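# Here is the input, now give the coordinates:
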Amino acid sequence: MSMVCIDREALDFFMKDSLDENRYRHSLGVSQMAAHLAEIYGADVEKAEFAGRYHDIAKCFDREHMNEMIRKYGLPDEYIDNPALAHSKVAAEILKNDFGVSDEDVLNSIRSHTTARVDMSLLEEIVYVADAIEDNRNYPQLKALQKQAETDLDGVCLIIMDFTIGKIYEAGRIPDRTTLEAREWIKERIGRKEN
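Sure thing, here's the model as predicted:
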């Protein structure tokens with residue numbers, strides 16, 4: 001992916017202006033973790049760093065602004081009043097339409113970093129996992145998952161999906177269909193490797 005035609009200075013300004021301090025720090029952490037995992041698994045480190053850095057640029061939009069962006073970019077109505085799911089899709093559209101990012105693998109890794117999806121590319125899986133295990137996260141299993149991710153990316157991906165789906169059910173909500181399908185896909189892939 002050529003970064004020559006992307007105005008990184010303007011993009012960084014937009015990101016700093018859009019995110020609160022914690023989300024900004026998280027984004028830098030995801031960028032570092034994604035680059036680290038990309039080195040291990042032979043993915044494009046530059047793409048991983050870029051996708052990790054900018055994956056959450058729409059995360060701090062208020063509901064009204066998010067809904068405006070959903071309509072502006074012609075995203076499905078299911079994202080209206082659902083910023084938790086919408087932010088990743090809106091972020092990809094901003095990068096594509098306003099900053100000239102044309103690499104579909106990068107855009108897909110940003111689109112799917114919240115829900116995952118069936119047939120994720122290596123880069124998509126790296127960004128999905130990095131989002132959950134970057135150094136600024138704070139939960140008891142963090143170090144163990146970081147270590148496991150260096151040798152078993154699929155296994156950690158499944159752990160994250162199981163945890164996310166469990167938390168959504170605990171909150172009395174229904175998980176996104178895309179995530180449920182992605183979990184079945186990753187389970188099948190792990191099963192094929194074990195046989």
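# Wait, residue 19 touches residue 57, no?
Yes. Between residue 19 and residue 57 there is a contact at 7.1 Å, judged by CB atoms under 8 Å. All C-beta spots, glycine's among them, are computed from the backbone N, C-alpha and C.
# and residue 73, backbone torsions?
phi -90, psi 0 (degrees, to the nearest 10).
# Relative to residue 123, how far out is it?
22 Å (CB to CB, to the nearest Å).
# ok, the two, which is more surrounded?
residue 123 (23 against 16; other CB atoms under 10 Å).
# so who does the more buried one touch?
38, 43, 44, 47, 48, 51, 105, 106, 108, 109 (CB atoms under 8 Å, 6 or more residues apart in numbering).
# Now render the residues you listed as a markdown table, adding distance to residue 97, neighbour count and pLDDT.
Shown next, in a markdown table, are the contacts of residue 123 (distance: CB to CB, whole Å; neighbours: other CB atoms under 10 Å; pLDDT from 0 to 100):
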| residue | distance to residue 97 | neighbour count | pLDDT |
| --- | --- | --- | --- |
| 38 | 26 | 23 | 98 |
| 43 | 25 | 23 | 98 |
| 44 | 23 | 18 | 97 |
| 47 | 19 | 21 | 97 |
| 48 | 22 | 28 | 98 |
| 51 | 17 | 34 | 98 |
| 105 | 17 | 17 | 97 |
| 106 | 14 | 26 | 97 |
| 108 | 15 | 19 | 98 |
| 109 | 17 | 31 | 98 |
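# Tell me which two in the residues you listed are the farthest apart.
Greatest spacing in the contacts of residue 123, by CB to CB: 38 and 108 (15.1 Å).
# tally of neighbours for residue 72?
12.
# coming back round to it: shared neighbours of residue 19 and residue 57, anything?
residue 27.
# picking up where we left off before, show me which of the contacts of residue 123 is closest to residue 80.
Nearest to residue 80 among those is residue 108, at 22.1 Å by CB to CB.
# contacting residues around the host helix or strand of residue 185?
Taking DSSP states H and E as the criterion, residue 185 maps to helix 177-194. Contacts of helix 177-194 with the rest of the structure, by CB under 8 Å, 6+ apart, involve 112, 115-120, 154-155, 157-158, 161-162, 164-165.
# Pull out the buried residues from that helix.
Within helix 177-194, the residues that qualify as buried are 179, 180, 182, 183, 185, 186, 189, counting by 16 or more other CB atoms under 10 Å.
# Can you add distance to residue 136 and give those back as TSV?
Formatted as TSV, these follow (distance: CB to CB, whole Å):
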residue	distance to residue 136
179	23
180	28
182	24
183	25
185	28
186	25
189	29
